[in-house]
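Visitor: Sharing a model prediction with you, sequence too.
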Amino acid sequence: MKSKSKELKLTIELVPATSWYDNLRKVLPKSDWDKIRKRIYVEYGHRCGICGTKGRLNCHEIWEYDDKKHIQKLMGFIALCDMCHYVKHIGLAGILSSEGKLDYEKVVKHFMKVNNCDEETFKEYKKRAFDEWRKRSQYKWRVDLGEYEDMIKNASKKGKNEKKS
Ligand SMILES: [Zn+2]
């Protein structure tokens, strides 16, 4: 299922508040998360997968939402620069800027530059993204880790069983 915003290169992706799951690095041991992260950075040639910027990267999970069955499925990962990552998590960007830790305007400008659009388009799109988030946050979501399920389960088991051997 595709969202309505397919024309935008850089989109906002808000994880429903009701999803227990928001971050793989909280579930996985750090060493396993680092392995995934580094593999993704190599795969993307150490550049942002959206705007091509080199420098500090973030490993971002790509989710697909089934709005009928309320299943949140992990589709893969993408390497993102800080600015693209802040757009994805625009709610967090807002919090950080209210704490004086981030220039929100810079995030908005980055969105406009990458998507080649004006501020009006950003505002409208952001409103739609939050409307969708509010709607999705009324339901409980089942997380489907897809092809990563075994890897993640094994990694968390390995951590627990280490004392046994
Ligand atoms: Zn970028």
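Guide: Thanks, I have the structure now. Numbering: from 1, shown residues only.

Visitor: Test of understanding: give the bridge partners of K54.
Guide: R47 (DSSP bridges).

Visitor: these two touch, right, it and Y41?
Guide: No. Under the criterion of C-beta atoms under 8 Å, K54 is not in contact with Y41, lying 10.8 Å apart. (Glycine included, C-beta is placed from N, CA and C.)

Visitor: who's more crowded, those two?
Guide: Per other C-beta atoms under 10 Å, whichever of K54 and Y41 has more neighbours is Y41, with 17 against 10.

Visitor: ok, that one - contacts?
Guide: L57, C59, A79 (C-beta atoms under 8 Å, 6 or more residues apart in numbering).

Visitor: So what's the residue count around the residue nearest to the last one when sequence neighbours are not counted?
Guide: Across the structure, with C-beta to C-beta, 6 or more residues apart in numbering as the measure, the residue nearest A79 apart from its sequence neighbours is Y44 (3.9 Å). Using other C-beta under 10 Å, the number of residues around Y44 comes to 18.

Visitor: With the one 5 residues further on instead?
Guide: Using other C-beta under 10 Å, G49 has 19 neighbouring residues.

Visitor: related to what we said a few turns ago, just the buried members of the contacts of Y41?
Guide: Buried residues within the contacts of Y41, counting neighbours by 16 or more other C-beta atoms under 10 Å: L57, C59, A79.

Visitor: So which of those sit within strands?
Guide: The members of these that map onto strands under DSSP state E are L57, C59, A79.

Visitor: Would you mind putting these into TSV with pLDDT alongside?
Guide: Formatted as TSV, these follow (pLDDT from 0 to 100):
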residue	pLDDT
L57	97
C59	96
A79	98
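
Visitor: between the residues you listed, which is nearest D150?
Guide: C59 (19.2 Å; C-beta to C-beta).

Visitor: Pretty sure the closest one sits against I40.
Guide: Yes. Between C59 and I40 there is a contact under C-beta under 8 Å: 5.1 Å.
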